[in-house]
Every structure is written in structure tokens, then in C-alpha cells.
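>>> What follows is a predicted protein model with its sequence.
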Amino acid sequence: MAKEFELTDEMRKAIGSASPPWTYEVTTTSVRAFARGVGYTDPVYFDADAAQRAGYRSLPAPPTYLGTPVFLPGRSHEIFSVPTEGQPIVKHGLKGLLDGGTETEYFADVCAGDTLTVVSRLVNLEVRESKALGAMLITTQKTTYTNQDGEVVAVQTGQAIYY
């Protein structure tokens with residue numbers, strides 16, 4: 001538990017830095033697997049004809065599913081497949097980590113067959129005090145998902161809490 005923590009100029013310089021673009025794929029298999037995994041039973045997530053009758057181009061991505069990052073050996077995280085190079089980094093020295101939550105704003109449908117280009121940008125750093133955890137660093141990132149037609153389909157705002 002950190003009793004005191006201050007943002008340094010080096011940390012502040014990271015604000016605004018962005019990851020390189022990374023490709024995420026949305027496939028019929030991944031849509032079905034995600035929908036099944038979270039317990040959705042609506043046929044639009046499993047049956048292409050039902051999806052088209054409901055007005056979708058193909059199987060729609062269920063809420064919170066925005067594709068699977070393409071895995072590139074040596075360039076992707078071994079577990080999560082996300083890129084390891086060029087990510088916004090804040091060297092803070094804090095050992096603890098909590099998920100501060102994620103909000104997703106949708107602008108268009110995401111459907112099986114879509115290829116998304118994803119860029120994540122560090123937009124804010126903030127220090128707060130917690131009675132239980134002491135000084136905490138809260139990082140905020142905005143991640144933009146752009147489809148193969150150049151249309152922004154979603155923006156996620158996520159926070160990580162380091163203590």
C-alpha cells in the first residue's frame with residue numbers, strides 16, 4: 001500500500017500516447033462462442049437467417065464483444081493476444097492492480113465478417129486516496145474500434161487502478 005504517490009512529469013508525458021493500430025476479427029464462430037459463453041439464447045447470435053430477418057448483415061456481435069485480436073507470435077501477448085509493442089506505458093512502480101471498469105459507446109452494428117482496427121490512447125492520469133488502499137493511480141484509456149469501411153463503430157473508456 002502506497003502512503004504517498006505523486007505524478008511525475010515523465011508520467012504526465014504519457015498522456016495522449018496511443019498504441020499502434022491492431023486488427024480484431026469478428027467471426028461467426030467467435031460470435032456464437034461468446035453468446036453461448038455468457039448465456040444468450042436469442043437466435044440472431046447463432047442463426048444467420050434469423051440475424052438477417054432481424055435486419056443484421058450477419059450474426060451481430062453480442063453486447064461487450066468487439067472481436068478477437070489477431071495473434072501474431074512474438075508481437076502479441078501470450079494470453080490475451082493484444083499487441084505488446086508500442087502500448088502507452090506509465091512507469092509508476094505500484095504493485096497492486098484493480099479493474100476500474102469499462103464503458104462502451106456503440107455507433108454502428110458490429111457483425112460477423114467485420115474486421116476492426118483498434119487503437120488505444122491514454123487520456124488521463126489521476127491520483128486519489130483510499131482509506132483501504134492508500135494512494136491510488138487511476139489511468140483512463142479510450143479505445144476506438146473502426147470497421148473495414150473506415151466507420152468508427154465503438155469507443156470504450158476503461159480505467160485501471162494501481163495501488
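Perfect, thanks for sending it.

>>> Mind checking what helix or strand follows the strand of greatest length in the chain in sequence?
Among the elements of the chain assigned as strand by DSSP state E, the one spanning the most residues is strand 115-130. Next helix or strand after strand 115-130 toward the C-terminus (DSSP states H and E): strand 134-146.

>>> ok, and for that next one, which residues are buried?
The neighbour-count check on strand 134-146 (16 or more other CB atoms under 10 Å) flags 135, 136, 137, 138, 139, 140, 141, 142, 143, 144, 145, 146 as buried. (Glycine included, C-beta is placed from N, CA and C.)

>>> Let's have those residues in TSV, adding distance to residue 161 and pLDDT.
Rendered in TSV, the data for the buried residues of strand 134-146 read as follows (distance: CB to CB, whole Å; pLDDT from 0 to 100):
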residue	distance to residue 161	pLDDT
135	11	93
136	5	95
137	7	97
138	5	97
139	8	98
140	10	98
141	13	97
142	17	98
143	17	97
144	22	98
145	24	98
146	28	98
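
>>> closest to residue 26 among those?
Each of those was scored against residue 26 by CB to CB, and residue 145 proved nearest at 10.0 Å.

>>> quick one: pLDDT of the nearest residue to that closest one once chain neighbours are set aside?
Nearest residue to residue 145 in three dimensions, chain neighbours excluded: residue 154, at 4.4 Å (CB to CB, 6 or more residues apart in numbering). At residue 154, the pLDDT value in this model is 98.

>>> quick one: residue 154 and residue 41, what's the gap?
Computed as CB to CB, to the nearest Å, the residue 154 to residue 41 distance reads 24 Å.

>>> who's more crowded, those two?
residue 154 (21 against 8; other CB atoms under 10 Å).

>>> Over to that one. Which of the three states is it?
Each residue gets one of three states, and residue 154 gets strand by DSSP: H, G, I helix; E, B strand; the rest coil.

>>> May I have the beta-bridge partners of it?
As for beta bridges, residue 154 partners with residue 106, residue 145 under DSSP bridges.

>>> any low-confidence regions in this protein?
Screening the chain residue by residue with the criterion pLDDT under 70, one finds the ranges 1-2.
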